[in-house]
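Engineer: with the input below, show me the fold.
(chains A, B, C and D)
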Protein chains: 2
Amino acid sequence: MEYKLDEVDLTILRMMQENARINNSEIARELGMAPSAVLERVKKLEQKEVLLAYHAKVNPNAIDQKMLSFIFIKVDEIIGDEETGKLLAEIPEVLEVHDIAGDDGYMIKVRTSDSLALVSLMRNSLSRIQGVISTRTIIVLQTVKEDNKLIIPEKLN
Amino acid sequence: MEYKLDEVDLTILRMMQENARINNSEIARELGMAPSAVLERVKKLEQKEVLLAYHAKVNPNAIDQKMLSFIFIKVDEIIGDEETGKLLAEIPEVLEVHDIAGDDGYMIKVRTSDSLALVSLMRNSLSRIQGVISTRTIIVLQTVKEDNKLIIPEKLN
DNA sequence: TAATACAAAGAATTATATTCGCAAAACAAT
DNA sequence: ATTGTTTTGCGAATATAATTCTTTGTATTA
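Structural biologist: Okay, here's the model as predicted:
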């Protein structure tokens, strides 16, 4: 699909990326246009799948998800090609699944309560997925930054 | 800080994580309580830093950010300890900065328009940061899943 | 130039957010 | 237990915002 975003769209995206709960009226004020027009824009951006979702960022520590790790997963390319990624994505502790170059495998981002939960996840969920040959785990000691806010340019093209 | 979240709080978190633009009235309906009470809860959750932010998820392709990579950065531990992470976090293309175990270094998540922009970022931004010894780059071919929705339990403790 | 979108404005309506006072419940201390 | 204190929710009132719809202007295209 084509996008063709103008400056108004980009401003909306910038404001909503910063605060998804901002109201249309405030965006309208900022842009100097009517709230109804902003609403139309937003709906169009959703419909064009430029705006994909609105997520509240929950503090992991508050709900006892203190451990973060990344796991590299080597996959038997003959058996599980597309399928393995989908199966990985179904695991709720797995927040991200990336198909990576080079090692014919995936890198996944996983949140668990602690290292025990991580081990059990690896034993019970990961290794039971067809095509998974080996794993290498990266433990995160501390996260300095974690907002997935993109750089939204002033103008496109 | 202490959290002490009850079932009502967890339901609110679950609903807002799924859709940050949901309105208090709908949460109230779901919970069978008054909208004003929900509002109070939400404000308290924000104040306690359980709810950290509300982000719109923007389609990277729509704004010409087609390339995703992870970079492992080895750091001279004597020079840049805490400082290096902060400097990395200041780069707008850098979406995440994680202090990782083992290699005394960081892993960062980076979005750029293309590989050229990635190279220029590494030359101009990364290597100029004090303490950065070496880098290893992981190129993402395709992302299967990327929602950072946590598992919110039915009950805590 | 006429016809066809397309986008925005503005008014009207509906829905939601927010405030506030009150009451009930939970909690703590003695 | 009982008293005092804090917390939490309710419900009504008001303010604010979302949404719908009609109209108007502006591009776009044949």
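
Engineer: how about low-confidence regions in chain A?
Structural biologist: The model of chain A has pLDDT under 70 over residues A:1, A:78-81.

Engineer: got the domain boundaries for it?
Structural biologist: Domain ranges of chain A: A:7-47, A:60-140, per automatic domain parsing.

Engineer: let me have those domains in a markdown table, extended by mean neighbour count and distance to DNA strand C.
Structural biologist: For the C-beta atoms, the positions are set from N, CA and C on the backbone; glycine is no exception. Formatted as a markdown table, these follow (neighbours: other C-beta atoms under 10 Å in any protein chain shown; distance: least, C-beta to the nearest atom of the strand, whole Å):
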| stretch | mean neighbour count | distance to DNA strand C |
| --- | --- | --- |
| domain A:7-47 | 16 | 3 |
| domain A:60-140 | 17 | 18 |
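
Engineer: kindly report the residues of chain A close to DNA strand D.
Structural biologist: Residues of chain A lying near DNA strand D by C-beta under 7 Å from any atom of the strand: A:23-26, A:35-36, A:39.

Engineer: and the strands in chain A?
Structural biologist: Assigned by DSSP state E, the strands in chain A fall at A:51-58, A:67-75, A:94-100, A:105-112, A:132-146.

Engineer: spit out the contact partners of the nearest residue to residue A:39 once chain neighbours are set aside.
Structural biologist: In this structure, residue A:39 finds its nearest non-sequential neighbour in residue A:24, 5.2 Å apart by C-beta to C-beta, 6 or more residues apart in numbering or on different chains. Shown in contact with residue A:24 (C-beta atoms under 8 Å, 6 or more residues apart in numbering or on different chains): A:35, A:38-39, A:42.

Engineer: name the residue closest to the centre of chain A, please.
Structural biologist: residue A:96 (6.2 Å; C-alpha atoms, centre = their mean).

Engineer: about what we covered before: redo the domains of chain A as TSV? Include distance to residue B:15.
Structural biologist: Converted to TSV, the domains of chain A look like this (distance: least, C-beta to C-beta, whole Å):
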stretch	distance to residue B:15
domain A:7-47	13
domain A:60-140	14
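
Engineer: what's the closest of the strands of chain A to residue B:8?
Structural biologist: Nearest to residue B:8 among the strands of chain A is strand A:51-58; the distance by C-beta to C-beta comes to 14.9 Å.

Engineer: check which helices and strands that closest one sits against.
Structural biologist: Helices and strands touching strand A:51-58, by 3 or more C-beta pairs under 8 Å, 6 or more residues apart in numbering or on different chains; DSSP states H and E, are helix A:7-18, helix B:7-18, strand B:51-58.

Engineer: recalculate using a threshold of 7 Å.
Structural biologist: If you count contacts as 3 or more C-beta pairs under 7 Å, 6 or more residues apart in numbering or on different chains; DSSP states H and E, strand A:51-58 packs onto helix B:7-18, strand B:51-58.

Engineer: can I get the ones you listed in a markdown table including distance to residue B:75?
Structural biologist: What follows is the helices and strands packed on strand A:51-58, written out as a markdown table (distance: least, C-beta to C-beta, whole Å):
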| stretch | distance to residue B:75 |
| --- | --- |
| helix B:7-18 | 33 |
| strand B:51-58 | 27 |
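
Engineer: residues contacting the closest residue to residue A:70 other than its chain neighbours?
Structural biologist: For residue A:70, ignoring the flanking residues on the chain, the nearest one in space by C-beta to C-beta, 6+ apart is residue A:138 at 4.3 Å. Residues in contact with residue A:138, defined by C-beta atoms under 7 Å, 6 or more residues apart in numbering or on different chains, are A:69-70, B:100, B:107.

Engineer: among these, which pair sits farthest apart?
Structural biologist: Greatest spatial distance among these (C-beta to C-beta): A:69 and B:107, at 10.7 Å.

Engineer: count of neighbours near residue A:6?
Structural biologist: 10 (other C-beta atoms under 10 Å in any protein chain shown).
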